[in-house]
Structure formats: C-alpha cells, structure tokens
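Asks: got a structure for you, letters missing:
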C-alpha cells in the first residue's frame, strides 16, 4: 500500500474516531449530574488515563495487525482526542467568573498527572512480567 493511501486511511480514521469520541463525551455529559467544570475535569482525567493505557498497551492488543500504526490515529488521536476537550474550558470561562487560564491550567495539570501516573504504572507492570 502506498504512503499516500496510508495517509488517507489515517486521516479518515482520525475523523471517524473524533466523531465517536465526541459522541461518547456528549453521552457522558448528558448522563452526569455535575457542574459543568466538574464534568469537563472528569472527562479530561478519564480520557488521559484511557489514553495512557491505549498508548502503553495498544501494540499488545493488536499484535498481528499488519499496519500497527493505523490503530493510533483511530484510538489515540481520533477517539480520545474527540473525547477530551480543551475548548469547553473557553466556553465555560465566558459564562463564569473564573478565568479560562485557571480552568485550563488546573485541567492540564490534573490530566498530565493522571496520564503520567497511569503510564508509569502500566510500564512498570509490563516490565515486571
């Protein structure tokens, strides 16, 4: 398969994943009964944890897939990129007295902590097997 064909497939997978991830986020937000900031923070933290697991364990899940790199555009960039959100903080800050910088910084710090924590645990577990 040519590089151009793989690029088209990868972009298509990112788009499909984005639709799936954004739809999952919307469904979760509709089912939660939290303040908007709590929903966004929860979604970003959960998304960061799932992304860490996908990136660490993904190649083990698809060992026979002849183009292993194609699962990343779908799952990591597409689904998890559509599920997590930073633009929602900007919208929330317009309607809130708390600045967008505070919302964004706190979400970023918490999400990075969760991502790195889960990544470290998954890599440690994989190293001790």
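Replies: Now that the structure is in, tell me what you want to look at. Given the structure is predicted, the values throughout are model-derived calculations rather than measurements. Numbers count the residues shown, from 1 in each chain.
Asks: where's residue 70 relative to residue 52, distance?
Replies: 20 Å (CB to CB, to the nearest Å). In this view, the C-beta of every residue, glycine as well, is placed from N, C-alpha and C.
Asks: Pick out whichever of these two has more residues nearby.
Replies: residue 52 (21 against 16; other CB atoms under 10 Å).
Asks: what's the burial count for residue 24?
Replies: Count around residue 24 with other CB under 10 Å applied: 16.
Asks: gap between it and residue 7?
Replies: Taken as CB to CB, the span from residue 24 to residue 7 is 26 Å.
Asks: Next: residue 83.
Replies: 24 Å.
Asks: Looking at those two, which has the bigger crowd around it?
Replies: Between residue 83 and residue 7, counted using other CB under 10 Å, residue 83 has the larger neighbour count: 23 against 11.
Asks: What strand or helix carries the closest residue to residue 34 other than its chain neighbours?
Replies: Distances taken as CB to CB, 6 or more residues apart in numbering place residue 42 nearest to residue 34, at 6.9 Å, with adjacent residues excluded. Secondary structure from DSSP states H and E places residue 42 in helix 36-61.
Asks: Could you identify the helix or strand that succeeds that helix?
Replies: helix 71-72.
Asks: I'd like the next helix or strand past that following helix.
Replies: Downstream of helix 71-72, the next assigned helix or strand under DSSP H and E is helix 81-83.
Asks: Report the mean confidence score over that next one.
Replies: Averaged across helix 81-83, the pLDDT comes to 92.
Asks: Average pLDDT for the following helix or strand past it, rounded please.
Replies: Next helix or strand after helix 81-83 toward the C-terminus (DSSP H and E): helix 87-94. The average pLDDT within helix 87-94 is 74.
Asks: What's the first helix or strand after helix 87-94?
Replies: In N-to-C order, the element after helix 87-94 by DSSP H and E is helix 100-127.
Asks: which strands and helices sit next to the worst-scoring helix or strand of the chain on mean pLDDT?
Replies: Lowest on mean pLDDT, DSSP states H and E among the helices and strands of the chain sits helix 87-94, with a mean of 74. Judged by 3 or more CB pairs under 8 Å, 6 or more residues apart in numbering; DSSP states H and E, helix 87-94 is in contact with helix 36-61, helix 100-127.
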